[in-house]
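Undergrad: Sequence and predicted structure are below.
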Amino acid sequence: MEKMEVLQRYLLIIRKLKGIKPYVPSDELIEYIQTGITARGNSCGVNIRTIQRDIKDIVELFNISISFRKGKGYYIEEEYPDPYGQYDNLLFNFDLLCAMNADSGVQEYILAEHHRPVGSQILPELISAIKGSHPVEFDYTFVRYNDNVKQKIVFPHFLKESNQRWYLLAIEDGKLKTFGVDRISQLKILKEDTFERNNTIDIESLFKDCYGIWDQTDIPIEDIELSYDSLDGKFIKSVPIHHSQKIICDTEDEFRITLRLRITNDFVMELLSRSRSLTVIRPLSLRERVRKVYEEALKRNS
């Protein structure tokens, strides 16, 4: 539970410093963090040393520059790069995870899904390993290969959330690979060892042309045009399919968008999840792919 409290403090500090006020005095920040921690069912004391230690960790973990100006308070030096909202999404998931903890006392007010993502309980340990540049050892289940289990020792670099699942991006045998956190078991942080983190990895560019977690570089990047009715359009407008989404028509009769990304299986599955009024305008290969999926489904269910 202590690690979750630390994550909660990180979240509260950043949210406070991201507020309207350009500077936050020490006493105001301490009061805000203490109130937030208490509201989440924890009672640990917060003082200036705790805040200073947390800020140092935040700088190292999230690469957010936080400074203090005498007579004014703490502030974020400049707007940190987060073009696709991934950082805010990460904070939201941790906040929800913390809030739904069995000891928090808020579960009677929050109606969550009937399940929680498998493996989410090891996220704090993985973050700790990433932050400390410690290798991790675990058993990994390969679902596509008859649930075969292999032991892995990898260098953890990033955590990425996609479709309510968490993924560990780690270097194994010199290559950046993806591991589903829900398939990791017997996790062990090799705290006596450290590795040199590869800071040349451009994680934003790595996923900017794909939907979800799989960036299959052998699949070309294509221009896509989709049409929906106005009702579906309201949902797609509020929660865009992809960061490249652009609205080219928004009327009472039609909602039309363009996208630019790789057409992977994950992307096709996403289109099928809201296909009630979907018309694929281009490319024709995507239209044919969607049509075949429905033809085969009709045969199976007729």
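TA: Everything's here; your move.
Undergrad: Please save the CA atoms from the longest helix along the chain in CSV.
TA: Determined from DSSP state H, the single longest helix within the chain is helix 284-301. Output of helix 284-301 as CSV, limited to C-alpha atoms (Å, rounded to 0.1, in the frame of the first residue of the first chain):
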residue,chain,number,x,y,z
LEU,A,284,-10.9,0.3,-50.9
SER,A,285,-8.7,-2.4,-49.4
LEU,A,286,-10.0,-1.5,-45.9
ARG,A,287,-13.6,-1.5,-47.2
GLU,A,288,-13.1,-4.9,-48.6
ARG,A,289,-11.5,-6.1,-45.4
VAL,A,290,-14.4,-4.9,-43.3
ARG,A,291,-16.9,-6.4,-45.8
LYS,A,292,-15.2,-9.9,-45.6
VAL,A,293,-15.3,-9.8,-41.8
TYR,A,294,-19.1,-9.3,-41.8
GLU,A,295,-19.7,-11.8,-44.6
GLU,A,296,-17.8,-14.5,-42.6
ALA,A,297,-19.7,-13.5,-39.4
LEU,A,298,-23.0,-13.8,-41.3
LYS,A,299,-22.2,-17.3,-42.4
ARG,A,300,-21.2,-18.4,-38.9
ASN,A,301,-24.4,-17.0,-37.4
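Undergrad: quick check, distance from that helix to the centre of its chain.
TA: Computed by CA atoms, centre = their mean, to the nearest Å, the chain-centroid distance of helix 284-301 equals 31 Å.
Undergrad: and it, which residues are buried?
TA: Neighbour counts over helix 284-301 (16 or more other CB atoms under 10 Å) mark 286, 290 as buried. (Glycine included, C-beta is placed from N, CA and C.)
Undergrad: which residues make contact with that helix from outside it?
TA: 222, 224, 263, 268, 271, 272, 275, 278, 280, 281 (CB atoms under 8 Å, 6 or more residues apart in numbering).
Undergrad: Among those residues, list the two that are farthest apart in space.
TA: Across those, no pair lies farther apart than 222 and 275, at 18.7 Å, counting by CB to CB.
Undergrad: can you pull out the strands in the stretch 151-300 of the chain?
TA: 165-172, 175-180, 184-189, 221-228, 246-250, 255-262, 279-282 (DSSP state E, counting those that start in this stretch).
Undergrad: before we move on, what about the stretch 1-150 of the chain?
TA: According to DSSP E, counting those that start in this stretch, the strands that the stretch 1-150 of the chain contains are 66-69, 73-76, 136-142, 148-162.
Undergrad: Same list (those) but as CSV, adding distance to residue 59.
TA: Output for the strands of the stretch 1-150 of the chain, formatted as CSV (distance: least, CB to CB, whole Å):
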stretch, distance to residue 59
strand 66-69, 6
strand 73-76, 10
strand 136-142, 23
strand 148-162, 17
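Undergrad: how about a markdown table for those, with distance to residue 188 and mean neighbour count added?
TA: What follows is the strands of the stretch 1-150 of the chain, written out as a markdown table (distance: least, CB to CB, whole Å; neighbours: other CB atoms under 10 Å):
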| stretch | distance to residue 188 | mean neighbour count |
| --- | --- | --- |
| strand 66-69 | 32 | 14 |
| strand 73-76 | 35 | 18 |
| strand 136-142 | 5 | 17 |
| strand 148-162 | 9 | 16 |
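Undergrad: is it possible to export the ones you listed to JSON lines including distance to residue 24 and mean pLDDT?
TA: Output for the strands of the stretch 1-150 of the chain, formatted as JSON lines (distance: least, CB to CB, whole Å; pLDDT from 0 to 100):
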{"stretch": "strand 66-69", "distance to residue 24": "10", "mean pLDDT": "90"}
{"stretch": "strand 73-76", "distance to residue 24": "5", "mean pLDDT": "90"}
{"stretch": "strand 136-142", "distance to residue 24": "35", "mean pLDDT": "94"}
{"stretch": "strand 148-162", "distance to residue 24": "27", "mean pLDDT": "90"}
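Undergrad: out of these, nearest to residue 26?
TA: strand 73-76 (6.4 Å).
Undergrad: Contacts for the closest one, please.
TA: 17-18, 22-26, 28-29, 55, 64-69.
Undergrad: returning to that earlier point: of the contacts of helix 284-301, closest to residue 181?
TA: residue 268 (23.9 Å).
Undergrad: Contacts only, for the closest one.
TA: Residue 268 neighbours (CB under 8 Å, 6+ apart): 286, 289, 290, 293.
Undergrad: where does this structure have low pLDDT?
TA: Low-confidence segments of the chain (pLDDT under 70): 1-4, 39-44, 78-121, 215.
Undergrad: Fine by me, we can end here.
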